[in-house]
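**Student:** Predicted structure and sequence below. I'll ask about it afterward.
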Amino acid sequence: MTNSDSACNKGIKKGSCASDSRRIFLKKACTAAITIAGSDFIFPSDPELKYRQNSNESMPWYRRITRWGQTNITETDPATYDIKWWRSYWKRTQIKGIIVNAGGIVAYYPSRIPLHHQAESLGGRDLFGELCRSAHEEGLAVFARMDSNRAHEEFYNTHPDWFAIDASGKPYKAGELFISCINSPYYDEHIPSIIKEIIEPYHPEGFTDNSWSGLGRDSICYCDNCRKRFREKYGLEIPSGADWDDQTYRQWIRWNYDRRLEIWDLNNRTSKATGGKECIWAGMNSSSVSGQCRSFRDYKEICARAEIIMLDSQARSDSEGFQQNGISGRMIHGLLGWEKLIPESMAMYQAGRPTFRLSSKPPSEARMWMIEGIAGGIQPWWHHVGAYHEDRRMYNTAAPVMTWYKTNEDYLIDRNPVANVGVVWSQQNMDFYGRDATEQLVDLPWRGITQALIRSRIPFLPVHADHIDRDAKKYSLLILPNLGAMTDDQVASVRRYVAGGGSLLATGESSLYNGWGDPRPDYALSDLFGAHITGKVHALSEDKNARRIQETLHSYLRIHPEIRSSIDGPHNSLEPPATGVRHPVLKGFEDTDILPFGGSLNPLITDKGTEILLTFIPAFPIYPPETSWMRVPKTNIPGLILNTSGQRSRVVFLPADIDRQFGRYNLPDHGNLLANLIRWGSFNDFPLVVDGPGLIDCHIYRQKGRLVLHFVNLTSAGTWRQPVDELIPVGPLSIKVRIPEGITGNEIKFLVSGKKPTAKINEGWIRFNIDSVPDHEVVVIL
Ligand SMILES: [Zn+2]
């Protein structure tokens, strides 16, 4: 599991002399503006580095406040909240801002607004006001936290028409509380009046809101406000239920997204009108794209409006690991810009599986989640639920990370990520292709690809499908991980990217559906893939599709050419190279003619000039063992197609859903094949090579006059099953990094161990070793 450029790369280069000569041609043919595939790795140039290097006081507060803390107030806290103790904790953890419960469902100050429910134990105390004043005295910024989507029975009885109802007219409830309707005066009048009431006496710097986006996608509101507005906009009635094939339901989905953006804008207008232009309303967002979909939060449009993203993503999931946090940071920065900040709520209590609000999270588990976020450009924000704890161990977790962050902050913000592999995603694909099977159709292929990249130590960045034209010049390889739903514009931008010399790796059903998830007659990118669907493309709503991707079949893929026996069948499309030498993307599989599969693929015909390196072997019984023999050992159904004809770049099409299988089962064969394809597609031309044992997440950034590398050690007994309670050091790691223009490599330092290594510079690369990495190491090269 190394990224060595020695044996493997030499093999690839020997096997692709024709490609090398094409690379030389490309270098000559491409204009300076299009330096994509085939050219040597290009670093972002200095003029792109427009960001500050140090925080400075003239910037708005939301660009300066980088370390946050939050004590989420429970109903009994007002009676006992010890502000003096918490002030000392703020100092000890080096925070620059706090998030404090203010109003919404419950008010923590004496509100005059009718029906604004006061916390039961408030007893006349102005707890929010005291905390806000205390924070300001300490020089801290304050985000007033709202929670605005439900209310008590008295409120419902006074304004029943402000609340969401189902088709039978029954109000939607969460426990004892009634859920307010997003189209009602609750959001247009009540919440803005609370925002104004809070700003006038307390002057918080801004607002967050935990559940600002109201009722989620799983419930349809049929109140008069909703019916009237939907009729006015589309001349249609609210859909009678969820039906992804029904255009009315699809319009209802879009309409709901638009309404949340209206709320975002309204709350910002309200807070700025009363509190000044820097008094922003920042809502709250999730790192889960499918979660954002279910809440109608359009990430791309929100990031186009937001000055800061307050991220509620408190702990890892077993399925995705700590690395999920580094990917989230890079994905959101890709939309928001790298000059803005993304603080993230990080649980100091046992959040996740299972949750214990009052027990300390094992410190190694909490620490690794924080570190991965920081590596991905996220800012730390500790989070406790309740102001009094009998498990006091949780107060020791944040301070060491926060203190280290403060010392090294200049290296951790305002930086440009460096990567030449982009992985494409879109929320539209999650909605209209993923529909009710997002885990199988979207998340697993994404996870398989990103995990193969991390395992191979190849730096990469998420790319939004609408930003391909804007961002593509950075990348030598774009990956479409089963990006089933693509608009015509997105298809055209991929086509322009490849025409400009970019390489492409597409998997599964990429481009087979339009932006609404309706089937196309063939892949929209079929000419690039060199492959065409035979027969009718199934509609996503067909049951067989949902079943097909959930089953794991006892099927295989046959490798071509076989090494132990020659191919003699009538499978004319197989055409193995005459030499019998395998393609470099099959490196490492010399001692096998088959690979485990288990997944699904569509039958295809391929264009002349394509190479088919894997074919499908249909499923046969596992039990009893006597029956476990191949019924059909060979087919001409392609599992892997390379198309380099007619294009200047390399196109890999993987109809076999190896990415989904790797995301699901973690079989090394699948990860190694994906890594080989990515290396070949990228001309094996990466900015960074890391050798040594372990699972290491590698991040690389450029700042003015320096490179910043962040290595996170994910090797641990708890990598795939939380919590981690022991950090297992790995090392030595041997690192090789390209040196961009403007950096000499004469000075190098480690920000975690504090060591100053010796480095060798040779032919534009700097080489050095890291002896041991317990949790992470940050390397600065000047
Ligand atoms: Zn409604």
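**Tutor:** Everything's here; your move. Residues are numbered from 1 along each chain as shown.
**Student:** what pLDDT, on average, does stretch 258-277 get?
**Tutor:** Averaging pLDDT along stretch 258-277 gives 98.
**Student:** Just the CA atoms of that stretch, as PDB, please.
**Tutor:** What follows is stretch 258-277, C-alpha atoms only, in PDB (Å, rounded to 0.1, in the frame of the first residue of the first chain):
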ATOM      1  CA  ASP A 258     -35.900  28.100  -3.100                       C
ATOM      2  CA  ARG A 259     -38.000  28.800  -0.100                       C
ATOM      3  CA  ARG A 260     -35.100  28.000   2.300                       C
ATOM      4  CA  LEU A 261     -32.900  30.400   0.300                       C
ATOM      5  CA  GLU A 262     -35.600  33.100   0.700                       C
ATOM      6  CA  ILE A 263     -35.500  32.400   4.500                       C
ATOM      7  CA  TRP A 264     -31.600  32.600   4.400                       C
ATOM      8  CA  ASP A 265     -31.800  36.000   2.700                       C
ATOM      9  CA  LEU A 266     -34.700  37.300   4.800                       C
ATOM     10  CA  ASN A 267     -32.900  36.500   8.100                       C
ATOM     11  CA  ASN A 268     -29.700  38.100   6.800                       C
ATOM     12  CA  ARG A 269     -31.600  41.200   5.700                       C
ATOM     13  CA  THR A 270     -33.200  41.400   9.100                       C
ATOM     14  CA  SER A 271     -30.100  41.000  11.200                       C
ATOM     15  CA  LYS A 272     -28.000  43.400   9.100                       C
ATOM     16  CA  ALA A 273     -30.800  46.000   9.000                       C
ATOM     17  CA  THR A 274     -30.800  46.100  12.800                       C
ATOM     18  CA  GLY A 275     -27.300  45.100  13.700                       C
ATOM     19  CA  GLY A 276     -25.200  46.600  10.900                       C
ATOM     20  CA  LYS A 277     -23.600  45.100   7.800                       C
END
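**Student:** Tell me if that stretch is near the ion.
**Tutor:** No: Stretch 258-277 is not in contact with the ion by C-beta under 5 Å from the ion; minimum separation 9.9 Å. Bear in mind the C-beta positions are built from the backbone N, C-alpha and C, glycine included.
**Student:** hey, what's Cys698 bridged with?
**Tutor:** Beta-bridge pairing for Cys698 (DSSP bridges): Phe711.
**Student:** That one is in contact with Gly692, isn't it?
**Tutor:** No: contact criterion C-beta atoms under 8 Å: Cys698 and Gly692 do not qualify, at 11.3 Å.
**Student:** Which one's more surrounded, these two?
**Tutor:** A count of neighbours by other C-beta atoms under 10 Å puts Cys698 above the other of Cys698 and Gly692, at 26 against 20.
**Student:** Could you tell me which residues within stretch 426-437 count as buried?
**Tutor:** Ser426, Gln427, Gln428, Asn429, Met430, Asp431, Phe432, Tyr433, Gly434, Arg435 (16 or more other C-beta atoms under 10 Å).
**Student:** which element is the most centrally placed residue in the chain on?
**Tutor:** Closest residue to the average C-alpha location of the chain: Ser328 at 3.6 Å, with C-alpha atoms, centre = their mean. If you go by DSSP states H and E, Ser328 is part of helix 323-336.
**Student:** Beyond that helix, next helix or strand please.
**Tutor:** Immediately after helix 323-336, counting by DSSP H and E, sits strand 343-347.
**Student:** Which strands and helices lie in contact with that following strand?
**Tutor:** strand 311-312, helix 363-375, strand 379-385 (3 or more C-beta pairs under 8 Å, 6 or more residues apart in numbering; DSSP states H and E).
**Student:** what pairs with the following helix or strand past that strand, and is each one parallel or antiparallel?
**Tutor:** Downstream of strand 343-347, the next assigned helix or strand under DSSP H and E is strand 349-350. Applying DSSP bridges, strand 349-350 is found paired with strand 356-360 (antiparallel).
**Student:** In the partner strand, which residues are buried?
**Tutor:** Ser360.
**Student:** can you give me the offset of it from its chain's centre?
**Tutor:** Relative to its chain's centre, strand 356-360 lies at 27 Å (C-alpha atoms, centre = their mean, to the nearest Å).
**Student:** could you dump it to PDB, C-alpha only?
**Tutor:** Presented in PDB, the C-alpha positions along strand 356-360 are these (Å, rounded to 0.1, in the frame of the first residue of the first chain):
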ATOM      1  CA  PHE A 356     -24.200   9.600  25.900                       C
ATOM      2  CA  ARG A 357     -24.500  13.400  26.200                       C
ATOM      3  CA  LEU A 358     -23.000  13.400  29.700                       C
ATOM      4  CA  SER A 359     -20.100  11.000  29.200                       C
ATOM      5  CA  SER A 360     -16.700  12.100  27.900                       C
END
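**Student:** burial measure for the residue of the stretch 451-600 of the chain found nearest the ion, as a count.
**Tutor:** Nearest to the ion, among the residues of the stretch 451-600 of the chain, is Trp516, at 24.3 Å (C-beta to the ion). Counted with other C-beta under 10 Å, the neighbours of Trp516 add up to 16.
**Student:** coming back round to it: which strands or helices does the helix holding Ser328 pack on?
**Tutor:** helix 299-305, helix 363-375, helix 444-455, strand 461-464, strand 696-703.
**Student:** between it and strand 379-385, what angle do the directions make?
**Tutor:** Angle, helix 323-336 to strand 379-385, by axes from the mean of the first three to the mean of the last three C-alpha atoms, to 10 degrees: 120 degrees.
**Student:** So what touches helix 323-336?
**Tutor:** 285, 287, 289, 299-300, 303-304, 306, 309, 311, 313, 316-317, 340, 342, 344, 369, 372-373, 375-378, 417, 425, 450-451, 454, 461-464, 467, 471, 697, 699, 712, 714 (C-beta atoms under 8 Å, 6 or more residues apart in numbering).
**Student:** How many residues are close by the nearest residue to Phe460 once chain neighbours are set aside?
**Tutor:** Once flanking residues are discounted, Phe460 sits nearest to Val421: 4.1 Å by C-beta to C-beta, 6 or more residues apart in numbering. Val421 sits with 24 neighbouring residues when counted by other C-beta under 10 Å.
**Student:** Touching, Val421 and Tyr475? I think so.
**Tutor:** Yes: with contact defined as C-beta under 8 Å, Val421 reaches Tyr475; the gap is 6.3 Å.
**Student:** Common neighbours of those two, please.
**Tutor:** By C-beta under 8 Å, 6+ apart, the residues touching both Val421 and Tyr475 are Leu461.
**Student:** Give the ranges of residues in the stretch 451-600 of the chain that sit below the confidence cut-off.
**Tutor:** Counting by pLDDT under 70, the stretch 451-600 of the chain shows low-confidence ranges at 543-547, 564-580.
**Student:** what about stretch 234-247 and the ion, touching?
**Tutor:** No: residues of stretch 234-247 are not located near the ion by C-beta under 5 Å from the ion, the shortest gap being 8.6 Å.
**Student:** which residues are contacting that stretch?
**Tutor:** 167, 217, 220-222, 226-227, 230-231, 248-252, 255, 432, 435-436, 516-518, 539-541.
**Student:** Could I get the buried residue list for that stretch?
**Tutor:** Buried, per 16+ other C-beta under 10 Å, within stretch 234-247: Ile238, Pro239, Trp244.
**Student:** tell me which element the last one is part of?
**Tutor:** So that's Trp244. Following DSSP H and E, one finds Trp244 outside all helices and strands.
**Student:** where does it sit relative to Ser541, distance-wise?
**Tutor:** Note on Trp244: its distance to Ser541, by C-beta to C-beta, to the nearest Å, is 6 Å.
**Student:** okay, and the common contacts of these two?
**Tutor:** Jointly contacting Trp244 and Ser541 under the rule C-beta under 8 Å, 6+ apart are Arg435.
**Student:** Which positions in this protein make contact with the ion?
**Tutor:** Within the chain, the positions near the ion by C-beta under 5 Å from the ion are Cys181, Asn183, Cys221, Cys223, Cys226.
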